[in-house]
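Enquirer: after the sequence you'll find the predicted model.
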Amino acid sequence: MQVHVADHPLINHKLTYLRDKRTDSPTFRRLAEELVTLLAYEATREVRTEAFDIETPVGPTTGIKLANPKPVIVPILRAGLGMLEGMVRLLPSAEVGFLGMVRDEETLEVSAYANRLPDSLHGRQVYVIDPMLATGHTLVMAFEFLRDLGADDITAVCLIAAPEGIETVREAVKDIGIPVTLVVGAIDDHLNDQGYIVPGLGDAGDRLYGVV
Ligand SMILES: O=P(O)(O)OC[C@H]1O[C@H](OP(=O)(O)OP(=O)(O)O)[C@H](O)[C@@H]1O
Ligand SMILES: O=c1cc[nH]c(=O)[nH]1
Ligand SMILES: [Mg+2]
């Protein structure tokens, strides 16, 4: 698994305000969208393209466009929804599938409660978006779903990751059997006893949408 940390002053600036507990929900949503657009620049480096001919006002040239079949973006509900607008802005022709997953706050085990994905992902590049990679259980389960539907390769885009979670995902993808890339805005210090990323930003879903 390739891991890219998109270390850039603008990303670090926006992440700092996202982390700040004084940041309100509307600002948090805006920052999450802006951050994913910056991370998507790195994440889409290997997006498949095809050549096509155009004419500029001055003469003919060959350019590129996104190849078919178009990529599929998969936000992990709830918190991944906060990154969807920013990702779709960069890949407007992509399809969007949804996976709803929640972790048990005591055991930190994950369960899936919603699945609205294309019937087949054969030949498709898939971009998974979820702001937090904590224990890694959520991403591993998502990758298994997507691999079973035939995804060609998967790129996960996360705003903040814990080193422990990255190692769990790294081990698991050895058995996934398709190329996996991880693009993150920051790798934080550690996970605490409750499975929260430290320093992190708290519960991303709650900060985006309120406590349920
Ligand atoms: O790496 P893990 O330990 O599996 O944790 C990461 C998951 O936790 C959060 O979701 P949560 O379960 O809080 O659901 P929510 O998005 O509905 O708040 C986050 O958005 C990830 O999906
Ligand atoms: O720190 C964390 C860990 C998991 N999920 C979150 O939203 N935040
Ligand atoms: Mg949550």
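Expert: Here it is on my side, so go on. Numbers count the residues shown, from 1 in each chain. Ligands and ions are numbered 1, 2, ... in the order given.
Enquirer: give me the residue from the chain nearest ligand 1.
Expert: residue 205 (2.2 Å; CB to the nearest ligand atom). Any C-beta I mention is one placed from the backbone N, CA and C, and that applies to glycine too.
Enquirer: am I right that that residue is in a strand?
Expert: No. Counting by DSSP: H, G, I helix; E, B strand; the rest coil, residue 205 is not found in a strand; it is helix.
Enquirer: residues near it, how many?
Expert: If you count neighbours by other CB atoms under 10 Å, residue 205 ends up with 20.
Enquirer: that one touches residue 75, doesn't it?
Expert: No. Counting by CB atoms under 8 Å, residue 205 stays clear of residue 75, with 11.6 Å between them.
Enquirer: residue 32 versus the closest residue to ligand 3 within the chain, what's the distance?
Expert: The nearest approach of the chain to ligand 3 comes at residue 205, 3.2 Å away (CB to the ion). In this view, residue 205 and residue 32 are 11 Å apart by CB to CB, to the nearest Å.
Enquirer: now the helices for the chain?
Expert: 9-19, 25-43, 84-90, 137-148, 163-173, 204-209 (DSSP state H).
Enquirer: contacts for the shortest one?
Expert: Contacts of helix 204-209 from elsewhere in the structure, counted by CB atoms under 8 Å, 6 or more residues apart in numbering, are 23, 25, 28-29, 32, 78-79, 81-82, 131-132, 159, 201, 212.
Enquirer: same deal with the fourth one?
Expert: Outside helix 137-148, the residues that touch it by CB under 8 Å, 6+ apart are 74, 76, 99, 101, 103, 108-110, 112, 115, 117, 121, 126, 128, 130, 133, 154, 156, 158, 165, 168-169, 172-173, 176-178, 180.
Enquirer: what about residue 81, neighbour count?
Expert: 20.
Enquirer: per-residue pLDDT, it?
Expert: Listed pLDDT for residue 81 reads 97.
Enquirer: against ligand 2, how distant is it?
Expert: Between residue 81 and ligand 2 the computed distance is 13 Å (CB to the nearest ligand atom, to the nearest Å).
Enquirer: relative to residue 129, how far out is the residue of the chain closest to ligand 3?
Expert: 13 Å.
Enquirer: again, but for residue 112
Expert: Taking CB to CB, one finds residue 112 at 16 Å from residue 129.
Enquirer: same question for residue 139.
Expert: The gap separating residue 139 from residue 129 is 11 Å, by CB to CB.
Enquirer: could you do residue 191 as well?
Expert: Where residue 129 is concerned, residue 191 sits at a distance of 21 Å (CB to CB).
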